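Engineer: only geometry, no sequence info:
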């Protein structure tokens, strides 16, 4: 990826002093490390514990993979910019960051929709569940999510790389978001803005509508369960997923689907921090705290590791 009008961009970041930047960098670094460790723990537990080899945990492990990739697209560059005070990023690096940010974000929304259908089948059609959601269907939904994300973001990104950036190379953001990038171009960007708006609306609103329809049936089925314990168990399997998709959809609608206002770019940095850093940090905890099977698997894994360490220590 090359562009004749610009070779690099400057990421303005946050409008705070140098000391505040260092504090933010330390906070973001801690959250990034914990996010990586938490998601890797969930992924390893699901892969190694045979009791978790089911469609629900298959999707959950893929969410962990997406969170690892998603936060790694933004956080390393952001941390470098904050710690070193070097705010530059190459043109190709900027375009790659922008593409993978939207690509992985779209995949995650589509995967959340697949998870809602899985929960619908499990709770509303328990007798037919294994026939409806089998290994082949899970792979098809996963591949469909990745393919949908790849195709929906590819064309707008290619068009953005071909724009002329003659106004400035200073991006008023902490990463290469499409809105601030289009604001720098002296080319006609109306078609790209319209395409971004329509694609974002299609992905987010369709995902939200399908999820709401699924959960309407799910909640109706849960309320018909006679025992309090059964209702609580069924609700706990869905609460974490519903919480995360509500937060993600709300933030995305606020940033990308509401009518764009250039004067609000500074305001958009706060919810952008939530999606790129805070949500991948919270996701493994939200899923773990609401899931007894994962908590039990983690406790057993910790117990086994402690026993192995104790045995090795005693052998010496």
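Structural biologist: The structure has been received and is ready for your questions. Everything numeric here is computed off the predicted structure, so don't read it as measured data.
Engineer: Give the buried residues for stretch 27-37.
Structural biologist: The neighbour-count criterion (16 or more other C-beta atoms under 10 Å) identifies 28, 29, 31, 32, 35, 36 as the buried residues of stretch 27-37. All C-beta spots, glycine's among them, are computed from the backbone N, C-alpha and C.
Engineer: scratch that, stretch 40-55 is what I was asking about
Structural biologist: 41, 42, 43, 45, 46, 49, 52, 54, 55.
Engineer: What of stretch 248-256?
Structural biologist: Buried residues in stretch 248-256 (16+ other C-beta under 10 Å): 248, 249, 251, 252, 255, 256.
Engineer: Out of those residues, name the ones that lie in helices.
Structural biologist: 248, 249, 251, 252 (DSSP state H).
Engineer: How much space separates the closest residue to residue 278 other than its chain neighbours from residue 146?
Structural biologist: Spatial nearest neighbour of residue 278, chain neighbours left out: residue 31 (7.0 Å); criterion: C-beta to C-beta, 6 or more residues apart in numbering. From residue 31 across to residue 146, the span is 26 Å (C-beta to C-beta, to the nearest Å).
Engineer: cool, residue 185 as well?
Structural biologist: 29 Å.
Engineer: cool, and residue 29?
Structural biologist: Where residue 146 is concerned, residue 29 sits at a distance of 29 Å (C-beta to C-beta).
Engineer: Okay, now the unreliable bits of this structure?
Structural biologist: Along the chain, the parts satisfying pLDDT under 70 run over 1-5, 230, 237, 257-267, 314-316.
Engineer: What ranges does it have for its helices?
Structural biologist: 18-48, 55-84, 91-124, 129-132, 135-161, 178-184, 190-223, 228-252, 265-273, 279-289, 292-315.
Engineer: Dump the ones you listed into a markdown table; add distance to residue 8 as well.
Structural biologist: Output for the helices of the chain, formatted as a markdown table (distance: least, C-beta to C-beta, whole Å):
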| stretch | distance to residue 8 |
| --- | --- |
| helix 18-48 | 20 |
| helix 55-84 | 13 |
| helix 91-124 | 6 |
| helix 129-132 | 51 |
| helix 135-161 | 14 |
| helix 178-184 | 12 |
| helix 190-223 | 21 |
| helix 228-252 | 28 |
| helix 265-273 | 20 |
| helix 279-289 | 27 |
| helix 292-315 | 43 |
